[in-house]
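Trainee: Give me a model of this one.
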Amino acid sequence: MHDELADWLGNVPLRALADRGARAVRYLNRRESPGSISLAIDPQVIMRVRTIQLPVRTAAVPSVDRAERAVADAVAALREAEQLKPDASGDPRHQVFDSELSLVLADLRGTVVSDEARRIARQMKTYTERQNEIRLDLRTTLAGVYLTGVNQRLRNELIEFIALESELKRYHQQMRALAGLIAQPDVVVQQLAAAPWRTVRADEPPPP
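Mentor: The predicted model follows:
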């Protein structure tokens, strides 16, 4: 076991392996996920690989009533938030701005913007912020249900893996699937063990 080899970007130069007379080295992380162990490998020694798609659906953790209620409440809240969406059907397309930033850019271009267009932009901002608030609240709730005990760094990476704009029931399914990678690693390992080997050609890029 070696001290951390990666730089601040998480990269390990091949010379770090060569200096130790090795083609593969395990090292202890002190900055990136402190306490975890990483493996640095010279891509040229990788001859065969097995890959599976993540997350593994069969490893998804069971749905929880609290989470189901949170999803239903969020769906209802988004439906109610639709009342905040301004009606811009009667305005020329070039006078419809979906954010205050687009208004600022229009002003910088010297575009004459009507008072009604400014009102619609402000209302659209309110509508968008409410949508984001609902989705963020749901994300926090689901993470609290399914990612209990997961360190903050890993939790952030998992929740950022799923697009916040996803349909909410699908978002819930994806959160359960990601949580399963941690809660049921044996299922993931079994699926990987059943995957076929693939020979890596000398001219083929290293696996991701």
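
Trainee: switch to C-alpha atoms for all contacts and neighbour counts from now on
Mentor: Will do.

Trainee: How far does stretch 165-175 sit from its chain's centre?
Mentor: From the chain centre to the centre of stretch 165-175 is a distance of 12 Å (C-alpha atoms, centre = their mean, to the nearest Å).

Trainee: Now do the strands in the chain.
Mentor: Under the criterion DSSP state E, the chain contains strands at 24-28, 37-41, 48-49, 198-199.

Trainee: now the ones you listed in TSV, with mean neighbour count, mean pLDDT and distance to Arg139?
Mentor: As requested, the strands of the chain are exported to TSV (neighbours: other C-alpha atoms under 10 Å; pLDDT from 0 to 100; distance: least, C-alpha to C-alpha, whole Å):
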stretch	mean neighbour count	mean pLDDT	distance to Arg139
strand 24-28	17	84	32
strand 37-41	16	84	29
strand 48-49	12	92	35
strand 198-199	12	92	37
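
Trainee: so what does the lowest-mean-pLDDT helix or strand in the chain touch, helix or strand wise?
Mentor: Lowest by mean pLDDT, DSSP states H and E among the helices and strands of the chain is helix 100-108, with a mean of 72. The contact analysis (3 or more C-alpha pairs under 8 Å, 6 or more residues apart in numbering; DSSP states H and E) places helix 100-108 against helix 115-146.

Trainee: gap between the residue positioned nearest the centre of the chain and Arg139?
Mentor: The chain has Phe161 as the residue nearest its centroid, 1.5 Å off, counting by C-alpha atoms, centre = their mean. As for Phe161, its distance to Arg139 is 12 Å (criterion: C-alpha to C-alpha, to the nearest Å).

Trainee: before we move on, what about Arg109?
Mentor: Taking C-alpha to C-alpha, one finds Arg109 at 38 Å from Arg139.

Trainee: With neighbour numbers in mind, choose between the two.
Mentor: Set side by side, Arg109 and Arg139 show more neighbours around Arg139, with 22 against 9, by other C-alpha atoms under 10 Å.

Trainee: so who does that one touch?
Mentor: Counting by C-alpha atoms under 8 Å, 6 or more residues apart in numbering, Arg139 touches Ile159, Leu164.

Trainee: Distance to Val71 added to the strands of the chain, as CSV?
Mentor: Output for the strands of the chain, formatted as CSV (distance: least, C-alpha to C-alpha, whole Å):
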stretch, distance to Val71
strand 24-28, 40
strand 37-41, 36
strand 48-49, 39
strand 198-199, 41
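
Trainee: Figure out which of the ones you listed is closest to Leu103.
Mentor: strand 37-41 (48.0 Å; C-alpha to C-alpha).

Trainee: ok, and what's touching the closest one?
Mentor: For strand 37-41, contacts defined as C-alpha under 8 Å, 6+ apart pick out Val12, Leu17, Arg23, Ala24, Val25, Arg26, Tyr27, Leu28, Asn29.

Trainee: Would you mind writing the CA trace of it as CSV?
Mentor: What follows is strand 37-41, C-alpha atoms only, in CSV (Å, rounded to 0.1, in the frame of the first residue of the first chain):
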residue,chain,number,x,y,z
ILE,A,37,-8.2,2.9,-1.5
SER,A,38,-7.6,3.5,-5.2
LEU,A,39,-5.8,1.4,-7.8
ALA,A,40,-3.6,3.0,-10.5
ILE,A,41,-3.0,0.8,-13.6
